[in-house]
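**Student:** Show me the folded form of this:
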Amino acid sequence: MNPAKPRILTINGGSSSIKFALFEAGESLQRILAGGIDRIGQPEATLKVKGLDPGDNFSRAVKAPDHTVAVGILMDWIEKRTGRDALTAVGHRVVHGGPKYYKPQRITTEVVEDLRRLSPFDPDHMPEEILLAEAFRRRFPDLPQVACFDTAFHHDMPRVARMLPIPRRYEAQGVRRYGFHGLSYEFLVGELARLAGTETIQGRIILAHLGNGASLAAVHDGKSVDASMSFTPASGVPMSTRSGDLDPGLISYLARTEKMSAEQFNEMVNSQSGLLGISETSSDMHDLLDHETQDVRAAEAVALFCYQVKKWIGAFAAALGGIDTLVFAGGIGENAPAVRSGICDGLEFLGIELEEKKNAANEGVISAAAGRVAVRVIPTDEERVIAKTVCGVLGFSWQAKKGIATT
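**Tutor:** The predicted structure is shown next:
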């Protein structure tokens with residue numbers, strides 16, 4: 001790697017994982033390394049790395065009982081691989097920006113304290129994300145760090161889409177629809193413009209980020225109009241272990257009948273529900289598709305997921321006044337033709353028709369020639385958006401002269 005070029009490390013912390021990527025910024029933004037630690041808190045976690053240098057490609061078991069140990073392992077490896085002074089900056093995906101943060105922020109002591117106050121908005125992600133930023137500050141005290149907020153893309157949704165139908169006094173406390181997966185949606189909008197032309201972005205677009213976490217966004221003129229996720233990432237469509245939308249009366253019912261506390265309910269809807277809760281066997285869509293012909297529970301989990309995503313597409317088509325482009329992204333959206341087919345089946349009245357051979361091959365455009373709606377599969381890249389954002393915040397001079405490649 002050329003030491004004269006800025007190197008940006010991106011960190012994406014989840015409840016049981018830490019993903020990273022290392023980019024070198026020259027005339028384009030080049031991914032040098034990518035990887036992460038999975039199964040944090042399990043008896044045996046795994047550190048996986050893939051890079052341009054074949055010597056960087058490996059997978060090995062590590063002991064990571066918590067995020068503190070895991071980030072230490074990751075920082076040790078990065079420092080050994082690149083050298084202590086090789087990094088220029090670190091960019092962090094921060095799930096929730098609350099009402100205050102909708103633009104990327106250089107991480108300071110004040111910002112960290114603000115994020116601590118926001119932790120009740122998303123107790124399943126925020127504490128670990130704060131921990132990661134502080135761990136890097138202790139190890140590399142002079143290294144600039146930037147927070148990139150996953151809610152930012154949706155900040156300017158129309159007010160009618162942001163409001164929740166509860167007493168107004170809670171809105172003053174920041175209780176509203178925020179939407180999530182904003183870094184992914186920002187990338188998809190830019191990539192759609194590159195692939196189909198900027199005029200496509202001016203149309204009516206539905207973006208479906210379908211992975212372990214799953215959501216949809218309605219977009220018009222390149223801006224978010226509505227989002228399926230609401231105040232927390234547990235809302236919207238069913239996910240791998242998250243419930244998606246539920247009747248709020250269920251909370252008091254379970255409190256009365258099972259003495260379930262708010263903490264236990266939160267654990268249930270975030271970690272025991274969705275595909276896992278319905279199938280009772282797996283939270284992994286690939287596993288469920290493999291077993292749906294032998295296990296009715298697996299088949300029902302797949303059917304429910306497709307049905308609920310289909311309903312959101314219909315709702316967003318109504319909000320947009322029609323649909324011109326539908327984009328599938330995320331691990332399921334990019335790699336599960338059967339799920340895409342199940343979602344789109346019956347949506348011909350909206351102009352959505354798939355070409356099954358193209359769909360089965362995971363091609364970039366999978367819509368039938370006769371369909372009025374362009375249906376695309378676009379691999380998302382949140383890490384690249386984080387790296388680009390860091391470059392913008394820190395004002396690297398090469399960016400103004402050369403720009404940053406989006407692919």
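
**Student:** Could I get the buried residue list for stretch 28-40?
**Tutor:** Neighbour counts over stretch 28-40 (16 or more other Cβ atoms under 10 Å) mark 29, 31-38, 40 as buried. C-beta coordinates here come from the backbone N, C-alpha and C atoms, glycine included.

**Student:** got the contact list for that stretch?
**Tutor:** 1, 7, 12, 16-24, 45-52, 56, 62, 64-67, 70, 73-74, 81, 383-384, 387-388, 391, 402, 404-405 (Cβ atoms under 8 Å, 6 or more residues apart in numbering).

**Student:** Got a ChimeraX select line for the buried ones in those residues?
**Tutor:** Only the buried entries of these go into this ChimeraX selection, using 16+ other Cβ under 10 Å:
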select :1,7,12,16,17,18,19,20,21,22,23,24,45,46,47,49,51,62,64,67,70,73,74,81,383,384,387,388,391,404
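
**Student:** Out of the contacts of stretch 28-40, list just those in strands.
**Tutor:** Of these, the ones assigned to strands by DSSP state E are 7, 12, 18-24, 45-51, 62.

**Student:** Next up, the contacts around the residue nearest in space to the middle of the chain.
**Tutor:** Nearest to the mean C-alpha position of the chain, by Cα atoms, centre = their mean, lies H181 at 4.0 Å. With contact set as Cβ under 8 Å, 6+ apart, H181 has these partners: 150, 209, 213, 215, 217, 229.

**Student:** The second one is in contact with L216, isn't it?
**Tutor:** If I follow you right, that is H209. Yes: using Cβ atoms under 8 Å, H209 is in contact with L216, at 7.4 Å.

**Student:** Settle it for me: which of those two has more neighbours?
**Tutor:** H209 (29 against 26; other Cβ atoms under 10 Å).

**Student:** The one helix or strand the more buried one maps to pairs with which strands?
**Tutor:** H209 belongs to strand 204-210 when assigned by DSSP states H and E. With DSSP bridges as the test, strand 204-210 is paired with strand 214-220 (antiparallel), strand 325-329 (parallel).

**Student:** Make CSV out of those strands and add distance to V189.
**Tutor:** Converted to CSV, those look like this (distance: least, Cβ to Cβ, whole Å):
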stretch, distance to V189
strand 214-220, 6
strand 325-329, 9
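
**Student:** Mean pLDDT and distance to Y102 added to these, as TSV?
**Tutor:** Converted to TSV, the strands paired with strand 204-210 look like this (pLDDT from 0 to 100; distance: least, Cβ to Cβ, whole Å):
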stretch	mean pLDDT	distance to Y102
strand 214-220	98	15
strand 325-329	98	22
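
**Student:** just so I know, which of the ones you listed lies nearest F316?
**Tutor:** Among those, the nearest to F316 by Cβ to Cβ is strand 214-220 (3.9 Å).

**Student:** Give me the contact list for the strand holding H209.
**Tutor:** Against strand 204-210 from outside (Cβ under 8 Å, 6+ apart): 181, 184-185, 188-189, 192, 214-220, 309, 313, 316-317, 320-333, 336, 339, 343, 380.

**Student:** Now the buried members of these.
**Tutor:** Buried members of these, counted by 16+ other Cβ under 10 Å: 181, 184-185, 188-189, 192, 214-220, 309, 313, 316-317, 320, 323-333, 336, 339, 343, 380.

**Student:** Tell me which stretches of the protein form strands.
**Tutor:** Taking DSSP E to define them, one finds strands in the chain at 7-13, 18-25, 29-38, 45-51, 58-62, 89-94, 105-106, 145-149, 204-210, 214-220, 223-227, 325-329, 374-377.

**Student:** The third one pairs with which strands?
**Tutor:** On the basis of DSSP bridges, the sheet neighbours of strand 29-38 come out as strand 18-25 (antiparallel), strand 45-51 (antiparallel).

**Student:** wait, which of those strands is closest to Y170?
**Tutor:** Between Y170 and the strands paired with strand 29-38, the shortest gap by Cβ to Cβ is with strand 18-25, which sits at 33.1 Å.

**Student:** remind me, longest helix of this structure?
**Tutor:** Longest helix in the chain by number of residues (criterion: DSSP state H): helix 296-320.

**Student:** So which bits of that one are buried?
**Tutor:** Those buried within helix 296-320 under the rule 16+ other Cβ under 10 Å are 298-299, 301-302, 304-306, 308-310, 312-314, 316-317, 319-320.
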